[in-house]
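> no FASTA, just this:
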C-alpha cells in the first residue's frame, strides 16, 4: 500500500528555516505530482504547494510564494519542502500528499488520495 512519511518538523523562531521531507513507498513515485498542505488548529487544511512528477513545474500558494520551495529526488522517492523566513502564521501540521492518478497536476485537497501522517511545525515570535 501507499505510504507517505513526513519528517523534519519542529520548533523554530520567526525568520528561521526548516526543511521537511516526505518519503514515499508503494507507488511509482516518479509518475506522481506531490503536494504539500498544512492545517492550523481550528482551520481548514490549506494548499501550500505542489511539484509535477518530473519536477518541471511547481506551484505555490500566495501566502508562501518566495519563501517556500518544493523539490524532489525521484531516485530517493522523496519530496522536500524548504521553508525560509518562517512566520508565526506558518505554524501548522504539514502534510505531503499524492493524487489518485499519475501524470496529473492538481492543487485541490479533494483531488489527493494519499496522505502522510503530518509533521508539526511551530514558529515562535
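Happy to help now that I have it. Nothing here was measured: the structure is a model prediction, and the numbers come from that model.

> Nearest spatial neighbour of the residue nearest to the spatial centre of the chain, chain-adjacent residues omitted?
The residue lying closest to the centre of the chain (Cα atoms, centre = their mean) is residue 36, at 2.3 Å. Closest residue to residue 36 apart from its sequence neighbours, by Cβ to Cβ, 6 or more residues apart in numbering: residue 48 at 4.2 Å. (C-beta placed from N, C-alpha, C; glycine too.)

> give me every residue that touches residue 21.
When contacts are counted by Cβ atoms under 8 Å, 6 or more residues apart in numbering, residue 21 touches 6, 7, 8, 78, 79, 80.

> 7 Å - rerun?
Residue 21 is in contact with 6, 7, 8, 78, 80, counting by Cβ atoms under 7 Å, 6 or more residues apart in numbering.

> name the element the residue nearest to the centre of the chain belongs to?
strand 34-39 (DSSP states H and E).

> List of residues touching the helix or strand just after that strand?
Using DSSP H and E, the helix or strand that follows strand 34-39 in sequence is strand 46-51. For strand 46-51, contacts defined as Cβ under 7 Å, 6+ apart pick out 33-38, 58-61, 64, 68, 70-72, 79, 105, 107, 109.

> try 10 Å
With contact meaning Cβ atoms under 10 Å, 6 or more residues apart in numbering, strand 46-51 is reached by 20, 32-40, 57-61, 63-65, 68-72, 79-81, 83, 90, 92, 94-97, 99, 105-109, 112.

> quick check, distance from it to the centre of its chain.
6 Å (Cα atoms, centre = their mean, to the nearest Å).

> before we move on, the earlier item: buried set for the strand holding residue 36?
Buried residues in strand 34-39, counting neighbours by 16 or more other Cβ atoms under 10 Å, are found at 34, 35, 36, 37, 38.
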